[in-house]
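Visitor: What shape does this take:
(one chain, ligands or ions: 2)
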Amino acid sequence: MPRYCPTCNRSEAEVKFYGNFCEICAGEKLSEDLKSSVELERCKECGRIRVKGRFIGENRSNLEEGIQQQFKKNHVHVVSYDAKEALARISIDGPEGKLTIDKTIKLKYIKKLCDRCYKIKCEYYEALFQLRGDKSRIEKVIRHAKALFERNNEFISKMESKDGGIDLYLSNKKLASEFVAYYKLYPKMSYTLAGVKFGKKQYKNIYAIHL
Ligand SMILES: [Zn+2]
Ligand SMILES: [Zn+2]
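Guide: Ligands and ions are numbered 1, 2, ... in the order given. Presented below is the predicted three-dimensional model:
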């Protein structure tokens, strides 16, 4: 005598059983207890999403990590997603063992401004290149600096024509130092006090570079 599912009447011959119910009904029952939407913080400027406290590009695997964080007990795999929802394959540890279900999860985005976009907006900078001299060499330095900074998730804050040259404001002084050392630019260094953070004086680095 095959068993029948008390909910949908499918027989054991047609479908696998999970406890007293067929796998499909058992999955639906377990799925009801799972949340059907997640909230994610997303930067309104660059579109990156916040995962584990960090803003990272929105793609399938990062979204999966973001959703996974909110499904502590279950393993989540994002099969596909669009602007509003994600189709997730979720493994549930139920009383009768593991069961895998597909569930549509609504994505609710909370508008934020990430650190980087916030800094860009207020033209934050730690280092200033005062580039003077040969125009084409100045342009070359700007091009290389821009590429390096963007590769490292940093940015050029501002660019100004000044005294026949260009003043280039940069978001990170460590990277600025590495740049002048790498290209052997032999700058004349000076510093301006930018403020005090955690009781320590903060300086902005100024590099006078003659090309
Ligand atoms: Zn059933
Ligand atoms: Zn951003």
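
Visitor: Other residues contacting the strand or helix carrying residue 203?
Guide: Under the criterion of DSSP states H and E, residue 203 resides in strand 200-210. Residues outside strand 200-210 that contact it (CB atoms under 8 Å, 6 or more residues apart in numbering): 125-133, 141, 173, 176-177, 180, 185-196. C-beta here means a position set from N, CA and C on the backbone, and glycine is covered the same way.

Visitor: Just the CA coordinates for that strand, please, in CSV.
Guide: Provided in CSV are the C-alpha atoms of strand 200-210 (Å, rounded to 0.1, in the frame of the first residue of the first chain):
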residue,chain,number,x,y,z
LYS,A,200,46.3,62.6,16.6
LYS,A,201,47.2,65.5,14.3
GLN,A,202,46.2,64.7,10.7
TYR,A,203,48.2,66.2,7.8
LYS,A,204,47.5,66.6,4.2
ASN,A,205,50.6,66.0,2.0
ILE,A,206,51.5,68.6,-0.6
TYR,A,207,53.8,67.5,-3.4
ALA,A,208,55.3,70.3,-5.6
ILE,A,209,56.3,68.4,-8.7
HIS,A,210,58.3,70.0,-11.5
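
Visitor: Can you check which helix is longest in this protein?
Guide: The longest helix of the chain (DSSP state H) is helix 135-151.

Visitor: Quick check: mean pLDDT of it?
Guide: For helix 135-151, mean pLDDT rounds to 96.

Visitor: Off-centre distance for it?
Guide: Helix 135-151 has its C-alpha centroid displaced from the chain centroid by 26 Å (CA atoms, centre = their mean, to the nearest Å).

Visitor: Before I go, just wanted to say thanks for your time.
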